[in-house]
Structure formats: C-alpha cells, structure tokens
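Visitor: fold the following, please.
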Amino acid sequence: MKNSIFWATFTASSLLLAAGFLLPGQASNIPLQIAQQPNCKSPQTTLDMNMCSSQEFKAADTKLNQLYQQLRAKLNSKQKQRLTVAQRTWIQFRDRTCDYEAGKFEGGTLAAPTYVYCRARVTQERVKDLEDYLEEANL
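Guide: Predicted coordinates:
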C-alpha cells in the first residue's frame, strides 16, 4: 500500500514539475493530452505506460477482490481463516516481487511503470488461482 501511494504521488509530482517547465502555449495542451486515452497496445511515453499499467492493475485487482469474496462465501470458518492468511501473505509476496523487478530501474523513469505492471501481472496470476479454488469449491 505504501509503495502504491508513493508511486502515485511520484507520478503526479513528476507531471506537475514537467508542466511547469513547458512554455505557456505548450502547457495549454496538457489537459487535452492527459484526457486522451493512451494506446495501451503500444504505449509510447512513460505517462502512457503508467496509465496503462494502472488501468490493467485496477481491473485485475477488482476481479481478484470479487473472486476472493465469492470464494469466502463457499468456505467453512477454518478454510476462510486459511484463505485470509494466504491472501495477506500473497499481497506481501506480490509487493516484494514487484519491488525487486522495479529495482532494476531505481531512479529512472521506468521504475514506476515496471512496478505497477508487475502488480497487474502477478495479480492476474492470483486471479487464476482463485478461479481454480472457486471451481473446486463449487464441486
């Protein structure tokens, strides 16, 4: 959680700082550029990479939370407790794994999108696990 807040603050601060160095004519185009959706199939800028990876993570995290709640509803109390412990441990694993991956770019512009993309990818993998668990619980 601390890392995601840090990266969101870092990205927003970088954007504001960059906007301050632009000429007034160029700065007036910033809202239009930010409002446009990036091409997430082939992001060209760090901003696009950040936006695309954030969207991807948000979608994966939403799906993960839905599956988690559906699975919990099917479990007895002992299995619910085990799932809760496993999920908390998995979150720590995800965040530490992504800290490692982004660490290759520490201090560079690729650190933030690498971290967020990693969180999206690892969360998508966990979604598959929870889908399997839910399927087993429905048998």
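
Visitor: mind checking how far the strand or helix carrying residue 94 is from the chain centre?
Guide: Per DSSP states H and E: residue 94 is located in helix 77-103. Put simply, helix 77-103 sits 14 Å off its chain's centre (CA atoms, centre = their mean, to the nearest Å).

Visitor: okay, now the unreliable bits of this protein?
Guide: 1-35 (pLDDT under 70).

Visitor: got the buried residues for the lengthiest helix in the chain?
Guide: Under DSSP state H, the helix in the chain containing the largest number of residues is helix 46-74. The neighbour-count check on helix 46-74 (16 or more other CB atoms under 10 Å) flags 46-54, 56-57, 60-61, 63-64, 67-68, 71 as buried. Placement of C-beta: from N, CA and C, glycine included.

Visitor: ok, back up a step: what angle sits between the helix holding residue 94 and helix 46-74?
Guide: Helix 77-103 runs at 170 degrees relative to helix 46-74, counting by axes from the mean of the first three to the mean of the last three CA atoms, to 10 degrees.
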